[in-house]
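*Asks:* Pasting a predicted model and its sequence here:
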Amino acid sequence: MRRRRNIPKYMDVTLLERRVFCFLFFLLLLTAQGARAQSNDRELLPDHLGQRWRAVGPARVVDGQRLSSLPDASALREYGLQRVVSRVYVDGKVESSVEVFELNLIPGAYGLFTFNRGQLPPNSREFYHGRYVVRVSRREIDADSDRQIFEAIKPDLIGGEGELPALPLHLPETDKIAESEKYIAGPAALARLEKFSDLKDVVGFGAGAEVTTADYRSGGGQMNLIIVEYYAPQSAADGEARIRDHYNALPQNEKDRLILKRAGNYVIAMLNVQDMPAAQNIVSQIKYQKKIYWAGRKFTDIPLAYRPPDPLVVEDFNQTVKTLVRSFYLMGIAILSALLLGFAAGFSLFQWKRYRRRKLGLDDMFSDAGGSLRLNLDDYLLPDNRQINRSSEGGKPTRSSQ
């Protein structure tokens, strides 16, 4: 048994495998964390909006813990505000301030949009999409630029479930002042309406009431309409009694300019009536449409056949699916990159070792590329024809000594 000459080892294969495994594990961990962070804290206001607007500073975020510092914080909380993201952009010398209000549901975004309508400064304009409300402010009024900024942000305003509230759709269109309708979600928002602020403690929002208001033309004046929807006939009867008692305490001249009636679960009131026949015509157009509400303390109390999709569950499901798809996509890219990198590293190592063997003059010798020992018994077990001498008389072959 002879010991072959050891081949130098230029790299430990086992150590390389460990490093590749650690690299892949670390890469997958970063991918999962990045996907989770992207789904939870998506950048609503990027550094650039289209080809025109460039951010001049970082985005400011007011989350749920600091919402109390905002004006009308109680009303914003009733609409379900989660956070506010703001940033300043410039287009040449024109500066625009952009604020994105993120709410939990689509009805809340629509309600906040209508609540702010008519109360914004002249140089500010708001848009809503899904569960987001976007406010654009600048020194000079430019409706086209405001719309273009909103359209540039709109692709990032994704997510959110729910439907627009149906109650504002029951407002009659006859003589209605354009963009005067409002959807009210709670007593704090109702208290900010000058014509109906006295009803903030009368309307039973705790019983699940919804409120919508609008202004109507009446000759040279203006009438104010409010519709309160209750979820049950008994709640509607109690609500009508409280509202009627409240208006009965008004002076007689104000009661003469008031219409109060009930239609199904709707309690309807028209204030500041100057043309009674016209007001009666408007109120008579409001028709109650029956809705089915299942009583119960839990969402699962509703029979499955009649159970509507839970907006929060649907949104969480969509976010989970998107996160998983994004994670597997990035994992596939990472694995493919690791395979290509491993192939390139292995091929380079092979070529380097061949180069070193040629340089050391070992290219014609056997190598198992591992530097291990090889037991060579070929010279002892197999005959060598070149070293066998045969006699001319046919004698037995003999092996020459080495």
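*Replies:* Cool, got the structure.
*Asks:* any idea which residue sits dead centre in the chain?
*Replies:* Nearest to the geometric centre of the chain sits Gly159, at 4.7 Å (CA atoms, centre = their mean).
*Asks:* any idea how far that residue is from Lys353?
*Replies:* Distance, Gly159 to Lys353, using CB to CB, to the nearest Å: 54 Å. The C-beta positions use only the backbone N, C-alpha and C, and glycine is treated the same way.
*Asks:* Was I right to think Ile286 contacts Ala263?
*Replies:* Yes. Taking contacts as CB atoms under 8 Å, Ile286 lies within contact range of Ala263: 5.9 Å.
*Asks:* Can you point out the buried residues in stretch 263-275?
*Replies:* Neighbour counts over stretch 263-275 (16 or more other CB atoms under 10 Å) mark 265-273, 275 as buried.
*Asks:* Tell me the secondary structure at Ile158.
*Replies:* At Ile158 the chain is in coil, as set by DSSP: H, G, I helix; E, B strand; the rest coil.
*Asks:* Skip the chain neighbours and tell me the closest residue to it.
*Replies:* Leaving aside its chain neighbours, Ile158 sits nearest to Gly130 (7.2 Å; criterion: CB to CB, 6 or more residues apart in numbering).
*Asks:* Equivalent analysis for Ser74, please.
*Replies:* Leaving aside its chain neighbours, Ser74 sits nearest to Ala188 (3.9 Å; criterion: CB to CB, 6+ apart).
*Asks:* The one you found: neighbour count?
*Replies:* By the measure other CB atoms under 10 Å, the count of residues near Ala188 is 18.
*Asks:* does the residue nearest to the centre of the chain really touch Glu315, like I thought?
*Replies:* Yes. Using CB under 8 Å, Gly159 makes contact with Glu315 at a distance of 6.0 Å.
*Asks:* Spit out the contact partners of the residue lying closest to Lys154 once chain neighbours are set aside.
*Replies:* Once flanking residues are discounted, Lys154 sits nearest to His129: 5.6 Å by CB to CB, 6+ apart. By CB atoms under 8 Å, 6 or more residues apart in numbering, the residues touching His129 are 109, 150, 154, 157.
*Asks:* Check which helices and strands the helix or strand where the second one lies is in contact with.
*Replies:* Secondary-structure element containing Phe150, defined by DSSP states H and E: helix 143-153. Using 3 or more CB pairs under 8 Å, 6 or more residues apart in numbering; DSSP states H and E as the contact test, the elements touching helix 143-153 are strand 48-49, strand 94-103, strand 124-129, strand 132-138.
*Asks:* next SSE after the second one?
*Replies:* Think strand 94-103. Next along from strand 94-103, by DSSP H and E: helix 106-116.
*Asks:* who does that following helix touch, helix- and strand-wise?
*Replies:* Applying 3+ CB pairs under 8 Å, 6+ apart, one finds that helix 106-116 contacts strand 94-103, strand 124-129, strand 132-138, strand 182-184.
*Asks:* which outside residues touch that helix?
*Replies:* Contact partners of helix 106-116, identified using CB under 8 Å, 6+ apart, comprise 75-76, 79-81, 101, 103, 126-133, 135, 160-165, 168, 181-185, 189, 192, 311.
*Asks:* residues near the residue lying closest to Ala166 once chain neighbours are set aside, how many?
*Replies:* Spatially, and ignoring its direct neighbours in sequence, Ala166 is nearest to Gln289 (7.9 Å; CB to CB, 6+ apart). Residues near Gln289, counting by other CB under 10 Å, number 10.
*Asks:* Tell me who's in contact with Gln289.
*Replies:* Neighbouring residues of Gln289 by CB under 8 Å, 6+ apart: 166, 170, 264.
*Asks:* Report pLDDT for it.
*Replies:* Gln289 is assigned a pLDDT of 75 by the prediction.
*Asks:* so which strand or helix has it?
*Replies:* Using DSSP H and E, Gln289 maps to neither a helix nor a strand.
*Asks:* Same check on Arg357?
*Replies:* helix 311-360.
*Asks:* got the angle between that helix and helix 106-116?
*Replies:* For helix 311-360 against helix 106-116, the angle by axes from the mean of the first three to the mean of the last three CA atoms, to 10 degrees is 110 degrees.
*Asks:* picking up where we left off before, want to throw the contacts of Gln289 into a markdown table with distance to Gly50?
*Replies:* Shown next, in a markdown table, are the contacts of Gln289 (distance: CB to CB, whole Å):
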| residue | distance to Gly50 |
| --- | --- |
| Ala166 | 35 |
| His170 | 39 |
| Gly264 | 48 |
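*Asks:* Can you tell me which of those residues is closest to Ala338?
*Replies:* For these, the residue nearest Ala338 by CB to CB is Ala166; the value is 53.8 Å.
*Asks:* Can you give me the distance of the closest one to Tyr266?
*Replies:* Taking CB to CB as the measure, Ala166 falls 12 Å from Tyr266.
*Asks:* Same check on Gln51?
*Replies:* According to CB to CB, Gln51 and Tyr266 sit 50 Å apart.
*Asks:* go on, Gly92?
*Replies:* Relative to Tyr266, and taking CB to CB, Gly92 is found at 52 Å.
*Asks:* you'd agree Val61 is up against Val85?
*Replies:* Yes. Between Val61 and Val85 a contact is recorded at 5.3 Å, counting by CB under 8 Å.
*Asks:* For burial, what's the neighbour tally of Pro187?
*Replies:* Number of residues near Pro187 (other CB under 10 Å) recorded here: 21.
*Asks:* wouldn't it be in contact with Lys200 here?
*Replies:* Yes. If you go by CB under 8 Å, Pro187 and Lys200 touch, sitting 4.3 Å apart.
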